[in-house]
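Novice: model this:
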Amino acid sequence: MRPKIDIILVALIAAAAAAIGAGIALYFAYPAQMAQLAGETRSYLLTLNAPPGTIATEANSGFRATYAAASGPESGAVAAVGTGDWASYNKTLTSERYSQLAEINTENVEKLKVLCTYDTKKYESFESGLIMVNGALIGTTQFDIFSLNPENCAENWRTHESYPDSILPVNRGAAYLDGLLFRGTQDGRVLAYDFKTGNRVWESTIADPKKGETVPAAPIAWNGLVFIGNAGSDYKGVKGRMYALEAKTGRIVWEFYMVPRSEGDLVRGPLGATPLTNVTWKNIPGAPISGGGTWTSYSLDPNTGLLYVPGGNPSPDYDISVREGENLYTDSVVVLDARTGDYKNHFKLVPKDWHDWDVSNPPALIQTRGGTKLMAAAPKDGYLYGFDLATNKLLYRVPVTTHENEDAPFAPDKDVHFCPGAVGGEEWNSPAYDPRTNLILVGDVDWCTTVRLQSRKEVLAVSEGQPWMAQWYINPFNALGKQARADGYWSGWVHAVDADTGVWKWRVKLNYPVVGAVTPTAGGLVFFGDVGGNFYALDAATGERRWGKKIGGAIAGGVITYTANGAQKIAVTTGFTSPVWPVEVATGKIAILGIEGASGSR
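Specialist: Numbering: from 1, shown residues only. So this is what the prediction gives:
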């Protein structure tokens with residue numbers, strides 16, 4: 001009997017070794033695909049008993065409105081000029097995200113339902129910032145761009161691109177101008193397509209994927225130009241750059257380095273004027289200047305011709321000792337002349353960053369009820385910033401998520417827990433502004449991270465073009481730091497903050513993070529979703545829940561509203577699946593919601 005048992009044990013060990021060997025071989029042959037599969041398997045297991053969504057509203061008893069808010073739906077809002085489309089990532093180039101549509105309002109929102117769903121049939125980090133223009137709903141996946149009927153989800157066309165897969169497969173949307181659509185790619189290009197057919201018109205290369213550079217951001221377009229930059233701040237040697245391309249041809253009109261350019265750095269187009277030198281980077285030998293990538297989208301003031309660029313983190317992300325100094329222009333909003341790329345100004349929001357707290361999303365440029373021309377910015381550090389653009393003075397800095405252990409230094413000999421974590425705060429969607437209530441609306445992630453540094457030798461040994469976080473780990477899922485899921489803790493917030501005073505009026509807390517877009521409307525409502533797949537409509541004046549339902553997988557991309565065949569619709573991206581986020585595994589989908597029986601509904 002014993003020899004037989006020994007034979008069986010040897011066979012099992014051999015089979016296990018073969019399986020492990022096969023897995024290792026597959027990983028080296030297909031690293032991106034295997035990493036995605038591992039992440040999806042982990043997410044599936046972690047979400048087997050995922051709880052239903054919960055939401056709780058809290059009013060600020062000390063709030064005093066500086067200006068009277070409008071009450072009820074805005075009369076005649078549907079007839080307002082240009083309100084029927086959603087033509088850019090944040091609707092307007094100035095990124096307020098407010099819609100003047102009011103057919104769906106506080107009086108009838110309980111009748112809201114999903115009218116149709118479009119399935120991309122792709123498992124990926126589906127974060128597309130949707131646009132709806134000229135009767136077509138436009139979205140993107142990592143490889144595809146597609147046009148849908150905005151009323152019934154029918155596909156008009158879909159164009160597929162082929163290039164190497166990515167460990168974090170993502171694209172954040174397209175821009176439209178003069179009959180053309182524009183998007184970035186994971187292999188470093190910007191592509192233009194015919195709006196009606198989806199046929200490729202031109203391509204332009206602005207990044208090198210071999211160095212860790214990608215182009216996932218949603219571009220914006222204005223005055224014959226397309227604005228977009230490269231990502232890759234977490235990779236050694238990658239420097240963020242911003243570009244303007246000629247919309248008709250893809251020619252690079254100008255290029256701007258977000259961090260100091262060094263001798264030998266590739267120049268792809270005419271350089272915008274800059275005062276930036278390496279004086280704010282006190283890097284040690286073996287630690288090249290790295291960071292400042294852009295990876296979400298941008299804002300632009302058409303009246304001044306100024307472009308507002310959110311700048312990513314410096315790297316190595318967690319080890320500040322090898323790059324002392326302010327590390328300009330990382331973690332900043334950089335203001336450029338949109339026509340020339342010349343530097344005009346910058347707002348340094350995170351003075352010294354060793355938490356991976358990018359200034360991640362485009363700021364909202366608003367006119368408050370008090371008459372202040374304001375820039376509202378909400379980075380990953382978990383604060384809402386309000387700047388007076390007439391004086392560039394900081395008016396307020398408001399906490400909008402949990403803050404803990406922010407100033408604790410990191411070290412190789414201990415674990416440090418901090419909040420918000422590296423994937424906390426506000427991610428790739430911007431603050432929104434409701435002019436009826438004078439409230440800025442901010443959706444945030446309440447999720448913490450634990451980090452232990454690599455040794456100095458390990459940090460410097462990383463090759464250029466490789467991830468450069470400086471985080472010591474064994475578990476590959478902790479490459480960004482260990483996220484605080486072991487104790488079951490994560491959540492989300494939406495804060496409504498007075499644009500003139502910075503005092504919050506109401507806030508809601510959810511048991512899932514809020515990563516997707518927040519959209520206020522003239523119907524007196526605020527629409528948004530969470531990564532539990534729950535979609536909500538809140539009363540814009542009070543924060544009280546008016547409607548809520550789970551409509552699919554995790555919501556992490558666009559939430560837009562528009563008119564189709566005379567009826568107001570809401571389009572929502574669902575099915576965000578990421579190796580970083582333990583969420584329900586689902587294909588990316590677009591859900592179109594409306595009130596059945598309204599004009600144009602089917």
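Novice: and stretch 175-187, how far apart are its ends?
Specialist: Terminal residues of stretch 175-187 lie 18 Å apart, using CA to CA, to the nearest Å.
Novice: ignore what I typed, I meant stretch 115-126.
Specialist: Distances were taken as CA to CA; on that basis the terminal residues of stretch 115-126 are 21 Å apart.
Novice: pull out the buried residues from that stretch.
Specialist: 115, 116, 117, 118, 120, 122, 123, 124, 125, 126 (16 or more other CB atoms under 10 Å). For glycine as for every other residue, the C-beta is placed from the backbone atoms N, C-alpha and C.
Novice: burial measure for the nearest residue to residue 97 once chain neighbours are set aside, as a count.
Specialist: Of all residues not flanking residue 97 in the chain, residue 432 sits nearest, at 3.7 Å (CB to CB, 6 or more residues apart in numbering). Taking other CB atoms under 10 Å as the criterion, the count of residues near residue 432 is 30.
Novice: can you check residue 182 too?
Specialist: Neighbourhood size, residue 182 [other CB under 10 Å]: 27.
Novice: do the one 4 residues further on as well
Specialist: Other residues within reach of residue 186, judged by other CB under 10 Å, total 25.
Novice: that one and residue 161 touch, don't they?
Specialist: No - taking contacts as CB atoms under 8 Å, residue 186 lies outside contact range of residue 161: 9.5 Å.
Novice: I'd say residue 455 and residue 412 touch.
Specialist: Yes - contact between residue 455 and residue 412 holds when scored by CB under 8 Å: they sit 5.1 Å apart.
Novice: okay, and the common contacts of the two?
Specialist: Common contacts of residue 455 and residue 412 (CB atoms under 8 Å, 6 or more residues apart in numbering): residue 472.
Novice: can you give me the helices for the stretch 351-500 of the chain?
Specialist: For the stretch 351-500 of the chain, the helices defined by DSSP state H, counting those that start in this stretch cover 456-461.
Novice: and what of the stretch 501-602 of the chain?
Specialist: Assigned by DSSP H, counting those that start in this stretch, the stretch 501-602 of the chain shows no helices.
Novice: which ones are touching the nearest residue to residue 269 once chain neighbours are set aside?
Specialist: With sequence-adjacent residues excluded and distances taken as CB to CB, 6+ apart, residue 269 is closest to residue 252, at 3.2 Å. The neighbourhood of residue 252, defined by CB under 8 Å, 6+ apart, consists of 204, 206, 243, 244, 245, 246, 268, 269, 270.
Novice: repeat that for residue 159.
Specialist: Counted by CB under 8 Å, 6+ apart, residue 159 has contacts 144, 145, 146, 193, 198, 199, 200.
Novice: surely the fourth one and residue 180 touch.
Specialist: Yes - here residue 193 lies in contact with residue 180, judged by CB under 8 Å, at a distance of 6.8 Å.
Novice: where in the stretch 501-602 of the chain is pLDDT low?
Specialist: 599-602 (pLDDT under 70).
Novice: more crowded one of residue 193 and residue 180?
Specialist: The residue with more neighbours, out of residue 193 and residue 180 and counting by other CB under 10 Å, is residue 193; that gives 22 against 18.
Novice: bridging residues for the residue nearest to residue 269?
Specialist: With DSSP bridges applied, residue 252 shows beta-bridge pairing to residue 245.
Novice: how close does it sit to residue 89?
Specialist: Using CB to CB, to the nearest Å, one obtains 21 Å as the distance from residue 252 to residue 89.
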